[in-house]
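J.: Whatever this is, show me its structure:
(2 chains)
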Amino acid sequence: MMFEVASWNVNSLKVRLPQVLDWLSKRPATLLGLQELKQVNEAVDIEKIEQAGYRILANGQKTYNGVAWIYPQNWSEPTDVITDIPGFDDPQRRVLAASFGSLRAINLYVVNGEAVGSEKFEYKLAWLNALHDWLASEIAAHEQLVVLGDFNIAPEDRDVHDPQAWAGKVLCSEPERNALEKIIALGLVDSFRLFEQPEQSFSWWDYRAAAFRRNHGLRIDLILLSQTLAKKATAAGIDIEPRQWPRPSDHAPAWVELNQAQPAA
DNA sequence: ATGGTAGTTAAACTA
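T.: As a prediction, this is how the structure comes out:
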């Protein structure tokens, strides 16, 4: 009675949909959060997804951003869908919360932030601050909560291939890490660290400079669990195989296995 | 080495 929750920044769903369905074909009972769709909902190839036995709930945007849940066809329809941080005015599609039975699932594409001190960096911190306040109420309301996505923050130095080179830089800087710590301190657990992991485990590698071949990566794709769900986690990891496929996303999928009946299966 | 690559969209923007 297990299922899996996973997170994958696909950097264009149009390009990567075949890879997504290929990846899911080997792990059928999976709730998959996608980021960087780079397409509007109307452009998503729903037929291909349904042929593979899945459904999609999307919050898309043209060219940039966009998030979605892909869930098994035999699950009941998601409810209580939220597509924005409440009260935070933002034209960018970065948030998708939905309930699958008693499972509350929040999918995030956190602002990248460009460079410490930039305008986009200030937007990132404001966004994270608003996220924190919203998640406080979500955690209070839902015992079984998963918050996942591309956080664009490496939580600790062990999540960075060269901590000295990245020290103080965007994705690793203190203000970002503090904001993430504050969110986790609301009562969430980084599922990846519940289990022993290989050193130098990363989820994102720059396309440039042969970064993947040299494992010059960062772990910025996270699956955070509420205390109740953390107790049900039986394994977690990052699957680097799709990063080795032709024409890959620059991110690899992160996953966690939960010892629990599938929502409304 | 302030480079390099990838996606979208049509020269520039974002990552």
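
J.: Residue A:4 contacts residue A:33, correct?
T.: No - counting by C-beta atoms under 8 Å, residue A:33 is not a contact partner of residue A:4; they are 11.6 Å apart. Yep, even glycine has a C-beta here, placed from its N, CA and C like the rest.

J.: For these two, indicate the residue with more neighbours.
T.: Shown here are residue A:4 and residue A:33; by other C-beta atoms under 10 Å, residue A:33 has more neighbours (30 against 19).

J.: What helix or strand is that one located in?
T.: If you go by DSSP states H and E, residue A:33 is part of strand A:30-35.

J.: avg pLDDT for the next helix or strand after that strand?
T.: The helix or strand immediately downstream of strand A:30-35 is helix A:46-51, counting by DSSP H and E. The average pLDDT within helix A:46-51 is 98.

J.: packing partners for helix A:46-51?
T.: helix A:13-25, strand A:54-59 (3 or more C-beta pairs under 8 Å, 6 or more residues apart in numbering; DSSP states H and E).

J.: out of the ones you listed, deepest packed?
T.: When these are scored by mean count of other C-beta atoms under 10 Å, the highest mean neighbour count falls to strand A:54-59 (a mean of 22).

J.: other SSEs contacting it?
T.: helix A:46-51, strand A:67-72, strand A:95-100.

J.: For the stretch 101-250 of chain A, which segments count as strands?
T.: A:103-109, A:145-150, A:188-190, A:204-205, A:217-218, A:221-226, A:233-238 (DSSP state E, counting those that start in this stretch).

J.: would you turn these into a markdown table with mean neighbour count and distance to DNA strand B?
T.: Putting these into a markdown table (neighbours: other C-beta atoms under 10 Å; distance: least, C-beta to the nearest atom of the strand, whole Å) gives the following:
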| stretch | mean neighbour count | distance to DNA strand B |
| --- | --- | --- |
| strand A:103-109 | 24 | 9 |
| strand A:145-150 | 26 | 8 |
| strand A:188-190 | 19 | 21 |
| strand A:204-205 | 22 | 8 |
| strand A:217-218 | 24 | 11 |
| strand A:221-226 | 24 | 11 |
| strand A:233-238 | 19 | 17 |
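
J.: With mean pLDDT and distance to residue A:258 added, can I get those in a markdown table?
T.: A markdown table is the format used below for the strands of the stretch 101-250 of chain A (pLDDT from 0 to 100; distance: least, C-beta to C-beta, whole Å):
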| stretch | mean pLDDT | distance to residue A:258 |
| --- | --- | --- |
| strand A:103-109 | 98 | 9 |
| strand A:145-150 | 98 | 9 |
| strand A:188-190 | 98 | 13 |
| strand A:204-205 | 98 | 24 |
| strand A:217-218 | 98 | 25 |
| strand A:221-226 | 99 | 8 |
| strand A:233-238 | 98 | 6 |
